[in-house]
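In: sequence and predicted model, in that order:
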Amino acid sequence: MKEKLIIIGIGTTAYNIFKVVQKYEIHDVIGFAVDEAYRKTDTFCGLPVYGIDQIPALFDLNTIKVFVAVQWNKLNKDRRDIYNKLKDRNFQFTNIIAPSAIIHAGCRIGDNCWIADNVVLEVDSVIANNTFVKVGAVITHFVRIESHCFISASSVIAANAIVGEQSFIGVNATILNGVRIGKKCIVGASSVVKQDIPDYTVIKPKIEHDIIQYREDEIEMKLLAFYRK
């Protein structure tokens with residue numbers, strides 16, 4: 001029997017999570033929930049919207065699961081705060097793991113984690129609580145991702161690297177072997193990080209490019225020359 005699930009949130013991320021769950025039939029979504037101050041509608045995606053404070057009175061918390069569907073707002077702070085609040089109130093969390101994800105032996109995944117389509121988690125990697133790993137990301141062996149992180153699509157985190165708590169790794173970024181990213185860091189899209197990064201650091205990729213136009217006969221030789229360097 002599928003777990004009964006209430007999705008926390010009624011925004012784009014909640015909608016995306018609902019569609020993923022529907023597609024793969026991995027949970028039985030029975031509704032959505034938000035803080036009462038934000039409950040401006042009674043239904044979302046055709047299901048009821050509850051105030052979070054209503055849930056313990058309406059449901060046995062031992063028989064339902066929740067998932068906090070908030071992305072990287074305020075460097076994951078919004079998701080962290082909601083998660084911690086519900087954890088303190090004994091709510092039970094689930095994970096959203098796409099069947100297409102490849103999860104190798106010895107991997108450990110916390111709770112309230114989203115492991116999206118085509119993610120690869122190699123041997124003995126660790127994904128701590130409340131972390132989102134988006135489409136096509138590759139987490140290689142012995143990597144540790146601390147709690148409340150966001151790992152964007154197509155990023156690569158190489159062996160023995162550590163990503164500190166509440167950090168954001170941008171689309172197509174690469175963290176090389178053994179590198180430690182501090183807590184609350186932002187690694188910009190397409191960055192290549194080769195050295196340890198202290199807490200509260202922003203890494204911006206170099207986006208300027210030299211633009212040189214060649215003749216057709218010249219350009220055909222440039223790639224060959226590039227790879228001979």
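Out: Okay, I see it.
In: could you break this protein into its assigned domains?
Out: Per automatic domain parsing, the domain ranges recorded for the chain read 4-94, 96-205.
In: so which of those is the most packed in?
Out: Ranked by mean neighbour count, the domains of the chain are led by domain 96-205 with a mean of 19 (mean count of other C-beta atoms under 10 Å). All C-beta atoms are positioned from the backbone trio N, CA, C, and that covers glycine.
In: and the end-to-end length of that one?
Out: For domain 96-205, the first and last residues are 31 Å from each other (C-alpha to C-alpha, to the nearest Å).
In: roughly how far out does that domain sit from the chain middle?
Out: On the basis of C-alpha atoms, centre = their mean, to the nearest Å, domain 96-205 sits 8 Å off its chain's mean C-alpha point.
In: other residues contacting the lengthiest strand in the chain?
Out: Scanning the chain for the strand with the most residues, using DSSP state E, yields strand 28-34. Residues from elsewhere that reach strand 28-34 (C-beta atoms under 8 Å, 6 or more residues apart in numbering): 2-10, 14, 18, 21-22, 44-45, 47-52, 54-55, 64, 66.
In: how about the most centrally placed residue in the chain, phi and psi?
Out: Residue closest to the average C-alpha location in the chain (C-alpha atoms, centre = their mean): Phe132, at 1.6 Å. Phi and psi for Phe132, reported as degrees, to the nearest 10, are phi -110, psi 130.
In: which phi and psi does the nearest residue to it once chain neighbours are set aside have?
Out: Of all residues not flanking Phe132 in the chain, Trp114 sits nearest, at 4.4 Å (C-beta to C-beta, 6 or more residues apart in numbering). The phi/psi pair for Trp114 (degrees, to the nearest 10) reads phi -110, psi 110.
In: Val179 contacts Ile203, correct?
Out: No - Val179 sits out of contact with Ile203 when judged by C-beta atoms under 8 Å, with a separation of 10.9 Å.
In: what about the longest helix in this structure?
Out: helix 73-88 (DSSP state H).
In: let's test this: mean pLDDT of stretch 123-134, rounded?
Out: For stretch 123-134, mean pLDDT rounds to 98.
In: one more: stretch 97-105?
Out: Taken as a whole, stretch 97-105 has an average pLDDT of 97.
In: stretch 8-22 too?
Out: pLDDT averaged over stretch 8-22 gives 97.
In: and the contacts of that stretch?
Out: Stretch 8-22 has contacts (C-beta under 8 Å, 6+ apart) with 5, 7, 26-27, 29, 32-34, 38, 41, 44-45, 49, 52, 66-71, 82, 86, 96, 98, 114, 116.
In: swap the cut-off to 7 Å and go again
Out: Here stretch 8-22 makes contact (C-beta atoms under 7 Å, 6 or more residues apart in numbering) with 5, 7, 27, 29, 32-34, 44-45, 49, 66-71, 82, 96, 98.
In: just confirm Phe132 contacts Phe150, I think it does.
Out: Yes - counting by C-beta atoms under 7 Å, Phe132 does reach Phe150; the two are 5.1 Å apart.
In: what sits in contact with each of the two?
Out: Gln71.
In: can you give me the helices in this protein?
Out: Counting by DSSP H, the helices of the chain are 12-24, 55-58, 73-88, 216-228.
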